[in-house]
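Novice: Provide a 3D model corresponding to the input given below.
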Amino acid sequence: MTHATLRTQCFVLLLGASVLCSQGSVHAQPTTNAAPPPIRLERIAPGMTTDAAANAGWSHLVLVSQPAMAPDQRAKVSQYTVDVATRFFTVNTARVQRNPATQQFQLTALGFGLGTYLNGRQVVISPESQAQLGANLDWIERFVLNHLQGKLNEIRLVAAWGQGVIIDTPIVMPLGSRHVAATIRYAHHVEPATGQLTSYVWRLDHGAPAETLQLHGDVHWLQPGLTCPAALQVDLAEYHLGFPTEVAFAVTHIPPTVRTIPVPPEGASLFAQPRYTLAEAQRMEAFLLSQARTGPP
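Specialist: Predicted coordinates for the structure are as follows:
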């Protein structure tokens with residue numbers, strides 16, 4: 001394998017990996033004037049297995065996003081690129097605890113990390129721990145893992161209030177015949193009496209200017225504890241001189257859900273705001289809960 005081929009593959013993998021359904025360590029200050037509870041955003045400790053999240057101090061395994069490529073997409077790139085692009089997955093956990101002062105449950109932390117399969121188990125790793133844990137990555141894989149660790153910092157805490165929190169994660173997704181930069185927004189709600197965690201996800205497209213967000217499609221009630229395939233699509237038109245652009249790889253679908261929740265046209269702007277007042281956050285929360293309480297179809 002030539003140096004030029006390896007370099008090209010590095011660019012392919014970096015861009016492909018960066019558009020997975022990733023969650024991560026985020027900017028700690030919410031862009032809202034809603035009064036937030038003390039919610040922490042933490043990196044998941046390396047060595048945690050997804051089937052033992054409770055032993056690592058997490059009450060809920062929210063989502064494991066495993067990249068995948070269909071045969072027609074695999075045919076567009078080398079097998080080595082496919083292998084490395086699908087090696088690392090992202091993990092999202094939550095910590096729900098009872099407040100001793102109120103005896104109500106609240107969300108106290110969200111956890112984010114990267115993992116890979118080791119001896120048949122999903123194990124969280126980091127660039128510093130991967131060798132000790134037995135991943136034994138080659139230099140390209142280490143390069144990609146370091147890049148993914150950096151991408152975790154692009155997740156943004158949008159709002160936190162009472163029993164709820166909203167986070168944004170950047171992503172590349174198809175729009176018509178091309179790939180575009182978009183945002184996936186997650187909302188998490190804790191039932192104060194029981195500690196049950198309910199999560200929602202929806203897509204936001206960027207308008208003009210780019211800071212303007214627009215709701216794309218419905219809101220989705222996320223299946224709990226889900227390991228989902230993040231299907232990658234390759235756009236060869238986004239290759240120039242053998243190198244992919246930032247939108248050459250796209251994730252094709254939102255994670256599988258319990259049900260979809262249509263948003264009335266007059267309410268679409270509420271789900272696409274860059275920040276929220278307490279009243280706005282509670283109004284959106286009330287709408288989501290009213291739909292969730294009707295139960296799955």
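
Novice: now stretch 207-218: buried residues?
Specialist: For stretch 207-218, the neighbour count (16 or more other Cβ atoms under 10 Å) marks 213, 215-216, 218 as buried. In this view, the C-beta of every residue, glycine as well, is placed from N, C-alpha and C.

Novice: and if you look at stretch 55-66?
Specialist: Within stretch 55-66, judged by 16+ other Cβ under 10 Å, the buried ones are 56, 58-66.

Novice: and the contacts of it?
Specialist: 20-23, 44-45, 48, 50, 53, 86, 89-97, 110-111, 115, 122, 188, 195, 197, 199, 222, 224-230, 255 (Cβ atoms under 8 Å, 6 or more residues apart in numbering).

Novice: endpoints of it, how far apart?
Specialist: 22 Å (Cα to Cα, to the nearest Å).

Novice: now tabulate the buried residues of stretch 207-218 in JSON lines and tack on secondary structure and distance to residue 234.
Specialist: Shown next, in JSON lines, are the buried residues of stretch 207-218 (DSSP: H, G, I helix; E, B strand; the rest coil; distance: Cβ to Cβ, whole Å):
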{"residue": "213", "secondary structure": "strand", "distance to residue 234": "26"}
{"residue": "215", "secondary structure": "strand", "distance to residue 234": "27"}
{"residue": "216", "secondary structure": "strand", "distance to residue 234": "21"}
{"residue": "218", "secondary structure": "strand", "distance to residue 234": "27"}
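
Novice: distance between stretch 183-202 and the chain's centre?
Specialist: Averaging C-alpha positions (Cα atoms, centre = their mean, to the nearest Å) puts stretch 183-202 14 Å from its chain's average.

Novice: of the contacts of stretch 55-66, buried ones?
Specialist: Here, 16+ other Cβ under 10 Å leaves 20-23, 44, 48, 50, 53, 86, 89-96, 110-111, 115, 122, 188, 195, 197, 199, 222, 226-230, 255 buried among the contacts of stretch 55-66.

Novice: ok so, going back, pick out the most distant pair among the buried residues of stretch 55-66.
Specialist: Farthest pair in the buried residues of stretch 55-66 (Cβ to Cβ) is 59 and 66. Separation: 22.2 Å.

Novice: can you pull out the strands in the stretch 51-200 of the chain?
Specialist: When assigned using DSSP state E, counting those that start in this stretch, the strands of the stretch 51-200 of the chain occupy the ranges 60-68, 89-98, 105-118, 121-125, 155-161, 164-175, 178-190, 197-206.

Novice: ranked by average pLDDT, which of those strands falls at the bottom?
Specialist: Per-stretch mean pLDDT for the strands of the stretch 51-200 of the chain is lowest at strand 155-161 (a mean of 87).

Novice: tell me what that strand is packed against?
Specialist: Counting contacts by 3 or more Cβ pairs under 8 Å, 6 or more residues apart in numbering; DSSP states H and E, strand 155-161 is packed against strand 26-27, strand 164-175, helix 278-292.

Novice: still on that earlier bit, will you turn the buried residues of stretch 55-66 into CSV that also has distance to residue 270?
Specialist: Shown next, in CSV, are the buried residues of stretch 55-66 (distance: Cβ to Cβ, whole Å):
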residue, distance to residue 270
56, 35
58, 30
59, 29
60, 26
61, 29
62, 23
63, 24
64, 30
65, 26
66, 32
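
Novice: which one of the residues you listed is nearest residue 129?
Specialist: Using Cβ to Cβ, the shortest approach to residue 129 within the buried residues of stretch 55-66 belongs to residue 56, at 13.8 Å.
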